[in-house]
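A.B. asks: Pasting the sequence and the predicted coordinates here, then a few questions.
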Amino acid sequence: MSFDLSALTNAIEAHGHIARILIADHKGSSPREAGTSMLVWEGGFTGTIGGGALEYQAVEFAQKQLRNKSLTNVQRIPLGPGLGQCCGGAVTLVTEYFSQANLPQADTVFARPIKPNTPEPLWVKRTEVKARNGAMTTDTHLQDGWLVEPITQPHQPVWIYGAGHVGRAIIDTMQGLPYDITWVDTNADRFPTQIPEHVTQLIAQNPALVAKHAPHNAQHFILTYSHVIDLELCHAILSHSFKSLGLIGSKTKRARFTSKLRNLRHSHTQISRIICPIGDPSLGKEPKAIALGITTALLKERNGVTAQKEATS
């Protein structure tokens, strides 16, 4: 869990001022873990800290805090019969008021006192230095009157070519995950009526021409209706920097593409970076099964990188 500064900024632009509710700590069993948050504005909210009586009470309190423009409030709430819950633990909620005037200026961690006039502890200074040096900070931490949260970093770019059954299954499966998705196809009619908020729709008569505009760290998945388009996309992506390239199809398709890409003067090293078939064959060939395999592989890759950075920090 981390502090999503982009989401907070967008909410303030839309609603003027926001109350952010955070589970800063918990003891024993609780509906959600520390670091879970939600945003509240006058007449609405987004996100959840677990629902039920706890959330209802927290949102009601946040609405009052908005009206009073009170900056910070800390509550320790037992999760027992008084709330009609049987978790048996307790949560510490920190509710903070944000507007354009007090948006955080941090880019790695957001550290602040939640008790007025509390000197900055040494552990906070060390955490900030560690973050500036590139070490990962993954936990929300409340101690000595100070609260520290990692800032949400930019999402990994993923480019998906093809809005057919498999493309739609991937988009659906990846909803809510930390990826910045660009979804490409040749015609608007090939896309569903509703495009999820986390997805940028890109209509291109020749998808290969737009592929070169993808970020250098993008992960590409090619699954169009046409082998000709698939080959053109492979050629275009292999001609530029990219993080990974997945191609839907069989081993036979891979062999044919390998031969054709060699004729287009791509090296064996570059061609060998193509993952084909994509997904996890043991899960099956249904669109949802392919989507689950792709999404699982992406998450394992992301979590593996995170674990490696933590191990070296």
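C.D. replies: On my side now, so go ahead. Residues are numbered from 1 along each chain as shown.

A.B. asks: Which strands or helices does the host helix or strand of residue 40 pack on?
C.D. replies: Assigned by DSSP states H and E, residue 40 belongs to strand 37-41. On a contact count with 3 or more CB pairs under 8 Å, 6 or more residues apart in numbering; DSSP states H and E, strand 37-41 meets helix 5-15, strand 17-27, strand 44-47, helix 52-68. C-beta: built from backbone N, CA, C; applies to glycine.

A.B. asks: Give me the buried positions along the shortest one.
C.D. replies: With burial defined by 16 or more other CB atoms under 10 Å, the residues of strand 44-47 counted as buried are residue 45.

A.B. asks: if you average pLDDT over that strand, what comes out?
C.D. replies: The pLDDT scores in strand 44-47 average 93.

A.B. asks: ditto for the second one
C.D. replies: pLDDT averaged over strand 17-27 equals 94, rounded to a whole number.

A.B. asks: going forward can the numbers begin at 51, since that is how I track them
C.D. replies: Yep, numbering from 51; the last one is strand 67-77 now.

A.B. asks: Which other helices and strands does it contact?
C.D. replies: Counting contacts by 3+ CB pairs under 8 Å, 6+ apart, strand 67-77 packs against helix 55-65, strand 87-91, helix 102-118, strand 140-149, strand 196-200.

A.B. asks: For the longest one, list the C-alpha coordinates in CSV.
C.D. replies: The reference is to helix 102-118. What follows is helix 102-118, C-alpha atoms only, in CSV (Å, rounded to 0.1, in the frame of the first residue of the first chain):
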residue,chain,number,x,y,z
GLY,A,102,-19.4,-2.2,7.4
ALA,A,103,-19.9,-0.1,10.5
LEU,A,104,-16.2,0.9,10.7
GLU,A,105,-16.3,2.5,7.3
TYR,A,106,-19.7,4.1,7.8
GLN,A,107,-18.5,5.7,11.0
ALA,A,108,-15.2,6.8,9.5
VAL,A,109,-16.9,8.4,6.4
GLU,A,110,-19.4,10.2,8.6
PHE,A,111,-16.6,11.6,10.7
ALA,A,112,-14.6,12.6,7.6
GLN,A,113,-17.5,14.5,6.3
LYS,A,114,-17.6,16.6,9.5
GLN,A,115,-13.9,17.1,9.2
LEU,A,116,-14.3,18.5,5.7
ARG,A,117,-16.9,21.0,6.9
ASN,A,118,-14.6,22.1,9.7
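
A.B. asks: Just the angle for whichever helix or strand comes after it relative to strand 140-149, thanks.
C.D. replies: Sequence-wise, the next helix or strand downstream of helix 102-118 (DSSP H and E) is strand 122-128. Angle of strand 122-128 versus strand 140-149, following axes from the mean of the first three to the mean of the last three CA atoms, to 10 degrees, is 160 degrees.

A.B. asks: okay, now the domains of the protein?
C.D. replies: Structurally, the chain divides into domains by automatic domain parsing as follows: 55-200, 206-354.

A.B. asks: For the protein, name the helix or strand with the lowest mean pLDDT.
C.D. replies: helix 337-361 (a mean of 78; mean pLDDT, DSSP states H and E).

A.B. asks: okay, residue 206: pLDDT?
C.D. replies: In this prediction residue 206 is given a pLDDT of 86.

A.B. asks: hang on, the earlier thing: let me have the helices and strands packed on strand 67-77 in CSV, adding distance to residue 285 and mean neighbour count as columns.
C.D. replies: Putting these into CSV (distance: least, CB to CB, whole Å; neighbours: other CB atoms under 10 Å) gives the following:
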stretch, distance to residue 285, mean neighbour count
helix 55-65, 35, 15
strand 87-91, 44, 22
helix 102-118, 51, 16
strand 140-149, 48, 20
strand 196-200, 39, 23
